[in-house]
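Asks: Only the shape, not the letters, is given here:
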């Protein structure tokens, strides 16, 4: 299988879907000549023209609003919000319009819409260009929330998102764009609501998404030499969530650590804990469930502070050891 | 304001607009049906049969009927939450509307939407919006889709005076003007955004002149004069359908009822409401025109009025006989 | 500053201890080194003495609580001094470091240790006295202070332990329920004594328990009982036991014992018991058979130079094994004196930890109960244990002419760890022992 980057994988999904289905179009800021703030749509304007690569003024609410309108007419818009933080500008259109229409209109409206949004810290872009807001979106019934961690998943999940009849928030971690991975050639999709066991283990379950999957994997592989055998579950889609996979894993290991970059208070780690503690896995817990998350701060600019604001490998390692040893 | 074309005789105008006698009768009946629907809604509310709130459009009927008549039935409609009149004009099934109003499973939205969220996608009615201005940017997508799908419908985006101060209003006008999208913007100015008189919230009036900034032609018209609405909207629709881009129409009108059921009308005088009722009522004006010009005899119009009452009464009967949704289905329709 | 009373660590592998009884109450005036309470480890009971003169205050754990070592269990105050809510000073101030700003500047207490500027700042913010902060480094650093602060706030959380609820993980509860095991009978190995799944699994009886469904008086396992259970089980499972039996004529010993006790001290402290004599003789036999005086440690057999003989002693609630060190070098009288003293103190629960450690071989004597033969389980890491039964007078053939006479006969059964001791080695040991019993004069050859 060829190795391509995460950004290339996303482009490839967009490209193939636009070739396959003329209802698919892209709308957003600077996605044409510039190729998107992170270069994801590079070259697509030349291929598909400005009627399908629609570059907008800086009007985030109406970018999503336009996509909603087009989706109501059976189009398959893919909107790009340049930084996930700007989703807060579009929140009425995402939360009150896209998310609610199918229900509010008694199942008669469908809004097949994908909103792509780069999330996360690590680029020194500071507070208004670095946040991870997936929990906010998870709280809005009607939305699906996807956080691919590898090029393979980025492509497979994006294709599924474009085929889905619901509004899908497709969250891409900025630091992943340049990461490489094997992506099969040809048509494939990854179904929503199916977690991936990134590493099987017996001592402790880690549920992590996006870039935290990679950090957790690196630590787990190191600790394996010491006989600490960590299982890593990547939910891949937070809505719908593969609760079974998590419950099964925790029932096996008896210990749970959730790692996400999104900040702690009311973060989705709490949701996972609630799922586990209300399931049969509760009776297999042999340690308190723990979470390791971004701190409750806006992402700072300074490199040292920025690093300190979100979980790093050493933090994950420390947490794993603490849980396994029962010393917190 | 563009009004009765400086006393051009009613019959001349009707002829110029190619309005047949049947069409005039039908429009009168629709005006009456809308009015009866709103009066019945108010009554049902008083009887405690309505669960939530509602926003009534009595006094604004000519805007709804005029727009509908001047555009095509398959044009797309995006609507505000005071939209009963527009649905009725667009040939909605009044039984299903009333059932939705009473929250019944048989309603347009299976009781999930209620008064504020009636939609009928089968007749290209894309739904009313509870968020002021929330539907305006959807018109961009509808316009883009119509262009991409190479269809000749237009999108009619109707909103109130209050929505014109939302950010998305300006964003949408900008993009629509920029991309010459097939959108008819209709600002249904009923003078108040909840309690705030339009003069108290807008730096410069009329609202329609804001379209100038986005290179969109605009009209500020008497929305209580049916033929004026038909004439302005009709020519605007033709202009848009010919690929010239959007047009903005501001229709001046007035609502008789409060903003919603919790409104005690503390921000306006009873005199003001009475003056509009007696001298500018859109139905009364149309009726007088029809009678004075001997288009119809009084008895003929009474028949229309009685038919309207019957339509509404039977709709209430239908709605009341309908079942509530099953509580077990509460989580259905969250996802398609 | 209040002086903390700490749950002491008295044994190398000890992690916790149970509070048996408080001798003093809150508000009592206490003197330095005066006994405050008694605690029980898995092996022994010990007194915890006051670290200072003052008033006892802020008792954090009541009788019966299982407390990790090094945990603060109470405070000693100077007269007039008041106690903040236990452990809360660091915790509270940690969340509002600015609360110091409206107080007059307090000079840091003079400390013998040096600290980094950051550590000093943090310690000040957290209202921590640097001299209280343990460090492995030459100077106290930030990590030391934070770790200490964390330990304080952890202590602040510990009062949860006072709850009558049992701390156990959901998995432990599930297994306990499935297996019909009462959690109250278990000792937790988790943080703050929390019962983990493995703690329950370790106690699962071999046969399927129908116990839970039948009427029974439920007796919670004491920590001593649990320790014995665990130790005996692991011994029996790990060490493959072989057992050999020999009979010996103790006529000579009885005569010798009468002689030795002829001039007994009125207190009876040096009264030579049958067991005391056996200690001496076994020590001699061990010297002839060094492999019986050994331990198997990580694939290496350690032949101990010392011969330290443990004497299993029954207590009301279990068993204790006081050790007579260098038994081969002591006289009968010396052994008797030590053994009497140890046995008496063991029964009072006043035995020191060092007095039950470092045994190399054990004797278990059930003769006084009329037991004629039994096998004992090895006391690891030892490799042998001698079961001493009752002396029975019986007719035996005493010479090659088949003369029958009645003699006092003692049955001795050796259990040995077959990993180290083969049958012949065990047999030689028993033969040596029997011969020295029958001919004690060999001792002096």
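Replies: Structure's in. What do you need? Given the structure is predicted, the values throughout are model-derived calculations rather than measurements. Residues are numbered from 1 along each chain as shown, chains lettered A, B, ... in the order given.
Asks: average pLDDT for the host helix or strand of residue B:22?
Replies: Following DSSP states H and E, the helix or strand that holds residue B:22 is helix B:21-46. When the per-residue pLDDT values of helix B:21-46 are averaged, the result is 94.
Asks: lowest-pLDDT helix or strand in chain C?
Replies: When the helices and strands of chain C are scored by mean pLDDT, DSSP states H and E, helix C:88-95 comes last with a mean of 35.
Asks: Could you point out the helix or strand that follows that helix?
Replies: Counting by DSSP H and E, the next helix or strand C-terminal to helix C:88-95 is strand C:114-115.
Asks: what's the next secondary structure element after that following strand?
Replies: helix C:117-125.
Asks: Pull out the buried positions in that next one.
Replies: Residues of helix C:117-125 classed as buried under the neighbour-count rule (16 or more other CB atoms under 10 Å in any protein chain shown) are C:119, C:120, C:122, C:123, C:124, C:125. Quick note: C-beta positions are derived from backbone N, CA and C, even for glycine.
Asks: just how off-centre is that helix within its chain?
Replies: Distance of helix C:117-125 from its chain centroid, counting by CA atoms, centre = their mean, to the nearest Å, is 41 Å.
Asks: Residue A:187 and residue C:421, how far apart?
Replies: If you measure residue A:187 against residue C:421 using CB to CB, to the nearest Å, the figure is 72 Å.
Asks: And residue C:8, how far from chain B?
Replies: According to CB to the nearest CB, to the nearest Å, residue C:8 stands 59 Å off from chain B.
Asks: now the helices for chain B?
Replies: Listed from the start of the chain, chain B has helices (DSSP state H) covering B:10-16, B:21-46, B:61-70, B:84-89, B:94-101, B:138-148, B:167-179, B:198-201, B:226-239, B:270-279, B:282-292, B:298-321.
Asks: right, and those helices - which one's nearest chain A?
Replies: Among the helices of chain B, the nearest to chain A by CB to the nearest CB is helix B:138-148 (2.6 Å).
Asks: buried residues in the closest one?
Replies: B:138, B:139, B:140, B:141, B:142, B:143, B:144, B:145, B:146, B:148.
Asks: Nearest residue to the first one in space, please, no chain neighbours.
Replies: Sequence neighbours aside, residue A:69 is the residue nearest to residue B:138 in space, at 3.4 Å (criterion: CB to CB, 6 or more residues apart in numbering or on different chains).
Asks: ok, now the fourth one?
Replies: Spatial nearest neighbour of residue B:141, excluding adjacent residues (CB to CB, 6+ apart): residue A:69 at 2.6 Å.
Asks: So the one you found is in contact with residue B:146, correct?
Replies: No - contact between residue A:69 and residue B:146 fails when scored by CB atoms under 8 Å: they sit 9.9 Å apart.
Asks: Identify the contacts common to these two.
Replies: Contact criterion CB atoms under 8 Å, 6 or more residues apart in numbering or on different chains; residues bridging residue A:69 and residue B:146 by contacting each: residue B:155.
Asks: Let me know how buried residue C:219 is, in neighbour terms.
Replies: 9 (other CB atoms under 10 Å in any protein chain shown).
Asks: measure it to chain A for me?
Replies: Taken as CB to the nearest CB, the spacing of residue C:219 relative to chain A amounts to 27 Å.
Asks: Could you report the pLDDT at that residue?
Replies: 79.
Asks: for it, helix, strand, or coil?
Replies: Of the three states, residue C:219 takes coil according to DSSP: H, G, I helix; E, B strand; the rest coil.
Asks: check contacts around it.
Replies: Counting by CB under 8 Å, 6+ apart, there are no residues that residue C:219 touches.
Asks: what comes up buried for the helix or strand the residue nearest to residue B:138 falls within?
Replies: Secondary structure assigned from DSSP H and E places residue A:69 in helix A:60-72. By neighbour count, and taking 16+ other CB under 10 Å as the criterion, the buried residues in helix A:60-72 are A:60-72.
Asks: nearest residue to residue B:119 other than its sequence neighbours?
Replies: Leaving out its chain neighbours, the residue that sits closest to residue B:119 by CB to CB, 6+ apart is residue B:127, at 3.1 Å.
Asks: List the residues that contact the residue nearest to residue B:125 when sequence neighbours are not counted.
Replies: Ranked by CB to CB, 6+ apart and with sequence neighbours excluded, the top spatial neighbour of residue B:125 is residue B:77, at 4.9 Å. When the contact criterion is CB under 8 Å, 6+ apart, the partners of residue B:77 are B:86, B:90, B:124, B:125, B:126, B:155, B:156, B:158.
Asks: Chain C: which of these is nearest?
Replies: residue B:126 (50.8 Å).
Asks: need the contact list for the residue nearest to residue B:138.
Replies: B:78, B:126, B:137, B:138, B:139, B:140, B:141, B:142, B:143, B:144, B:145, B:155.
Asks: how about a cut-off of 10 Å?
Replies: Residues in contact with residue A:69, defined by CB atoms under 10 Å, 6 or more residues apart in numbering or on different chains, are A:62, A:75, A:77, A:93, A:97, A:111, A:113, B:76, B:78, B:126, B:135-146, B:155, B:157, B:172, B:183.
Asks: re earlier: in JSON lines, list the buried residues of helix C:117-125 along with pLDDT.
Replies: Formatted as JSON lines, the entries for the buried residues of helix C:117-125 read as follows, by pLDDT from 0 to 100:
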{"residue": "C:119", "pLDDT": "78"}
{"residue": "C:120", "pLDDT": "79"}
{"residue": "C:122", "pLDDT": "79"}
{"residue": "C:123", "pLDDT": "81"}
{"residue": "C:124", "pLDDT": "79"}
{"residue": "C:125", "pLDDT": "77"}
